[in-house]
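A.B. asks: Make a model of this:
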Amino acid sequence: MDHKQLASQFWEEGYLAVDNFFDAGLMDELDQLIVEYFGKDPDFCHTEEFLNKSKTEVIPWFPQNDGPSAFDEIAELDSLAELTREILGADWKALYCMVMYSKQGTVGQAWHQDCSRDVSDKFNMNRLVYTHDIDAATGGQTVVVPGTHRRGELPPGDPWADIEGQVMLEPRRGTLLLLHGHTWHRVLPVTGNFRFSTNYRSMPSGTPEDITDICLYRNMRYCFSTESVVEERTA
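C.D. replies: Numbers count the residues shown, from 1 in each chain. Below you'll find the model as predicted:
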């Protein structure tokens, strides 16, 4: 695996998908753990205001806080650390591991940027692990607009409207998807029984640990720590 070439591709596009990055057996183990944890009909955690305005219906779980050690096994993989180091630099830091679960019939996630564009070199990088295939049968495909990590803030507008140049991704079991926190992205509605991915968030050295506290949507700027809309946005 040519880490320099992969890092170059990431910085050009603002994302990078690497198929078959993870062992299939480990993916099956994590997949079963996640399905068992959430059960058939888990409750939403976010406020009604957030769910209604963000057009985002996901339920988070932070398994490294109280979950099985198998989640630590992914975090400690040399292959993942080496690729992360090539992209973010030698002193990169891990943020947290978060499973994002969506129930059948939910809307997925509307267009957003994970962190503020106030300072261009301060950002998070999502390291998304897929333990089962995401395709037309499951729904929940990830949509990105390549190069938008260099284009400033996501413009105000319809939270779900197509954006010129968008690309739809269908990660498979064992895929690693790296996503710059400033890249414009969304997740399509979920049509299968469920959809989830596991995000091992990371950041370059010198980045504040609360970098992902404020998220930018097309219709608002939202602060997770205070569970409040800090700015209404209109086209």
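
A.B. asks: CA only for contacts and neighbour counts going forward, please
C.D. replies: Noted.

A.B. asks: Quick check: phi and psi on residue 73?
C.D. replies: phi -60, psi -40 (degrees, to the nearest 10).

A.B. asks: What's the local residue count around it?
C.D. replies: 10 (other C-alpha atoms under 10 Å).

A.B. asks: how far away is it from residue 35?
C.D. replies: To residue 35, residue 73 is 18 Å away according to C-alpha to C-alpha, to the nearest Å.

A.B. asks: Output stretch 36-44 in CSV with nothing but the alpha carbons.
C.D. replies: Only the C-alpha atoms of stretch 36-44 are listed here, as CSV (Å, rounded to 0.1, in the frame of the first residue of the first chain):
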residue,chain,number,x,y,z
GLU,A,36,-26.8,-6.5,19.5
TYR,A,37,-26.1,-3.2,21.2
PHE,A,38,-28.8,-1.2,19.4
GLY,A,39,-31.5,-3.9,19.2
LYS,A,40,-34.6,-3.6,17.0
ASP,A,41,-35.8,-0.1,17.8
PRO,A,42,-33.4,2.2,19.7
ASP,A,43,-34.5,5.6,20.9
PHE,A,44,-33.1,8.8,19.4
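
A.B. asks: List of residues touching that stretch?
C.D. replies: The list of residues contacting stretch 36-44 from outside it, by C-alpha atoms under 8 Å, 6 or more residues apart in numbering, reads 57, 58, 59, 103.

A.B. asks: Does the third one touch residue 102 like I think?
C.D. replies: Right, residue 59. Yes. Counting by C-alpha atoms under 8 Å, residue 59 touches residue 102, with 6.4 Å between them.

A.B. asks: which one of those two has more residues nearby?
C.D. replies: Comparing residue 59 with residue 102 by other C-alpha under 10 Å, the one with more neighbours is residue 102, at 28 against 18.

A.B. asks: For the helix or strand hosting that one, what is the distance to the chain centroid?
C.D. replies: Element membership of residue 102 [criterion: DSSP states H and E] is strand 93-103. Centroid displacement of strand 93-103 relative to its chain, using C-alpha atoms, centre = their mean, to the nearest Å, is 8 Å.

A.B. asks: Give me the next element, helix or strand, following that strand.
C.D. replies: strand 109-113.

A.B. asks: Which secondary structure elements does the next helix or strand after that following strand sit against?
C.D. replies: Later in the chain than strand 109-113, the nearest helix or strand by DSSP H and E is strand 125-129. Where contact means 3 or more C-alpha pairs under 8 Å, 6 or more residues apart in numbering; DSSP states H and E, strand 125-129 is packed against strand 176-180, strand 194-203.

A.B. asks: what angle do the longest helix along the chain and strand 125-129 make?
C.D. replies: Determined from DSSP state H, the single longest helix within the chain is helix 24-38. If you take axes from the mean of the first three to the mean of the last three C-alpha atoms, to 10 degrees, helix 24-38 sits at 100 degrees to strand 125-129.

A.B. asks: Of all the residues in helix 24-38, which ones are buried?
C.D. replies: 27, 30, 31, 33, 34, 38 (16 or more other C-alpha atoms under 10 Å).

A.B. asks: Likewise for stretch 71-82?
C.D. replies: 71, 74, 75.

A.B. asks: Quick one: list the elements packing against the strand or helix carrying the first one.
C.D. replies: Take DSSP H and E as the rule and residue 71 turns out to sit in helix 70-75. Taking 3+ C-alpha pairs under 8 Å, 6+ apart as contact, the helices and strands that helix 70-75 lies on are helix 24-38, helix 63-66.

A.B. asks: tell me the angle the helix or strand following that helix makes with strand 125-129.
C.D. replies: Beyond helix 70-75 on the C-terminal side, the first helix or strand identified by DSSP H and E is helix 78-88. Using the same axes, to 10 degrees, the inter-axis angle of helix 78-88 relative to strand 125-129 is 150 degrees.
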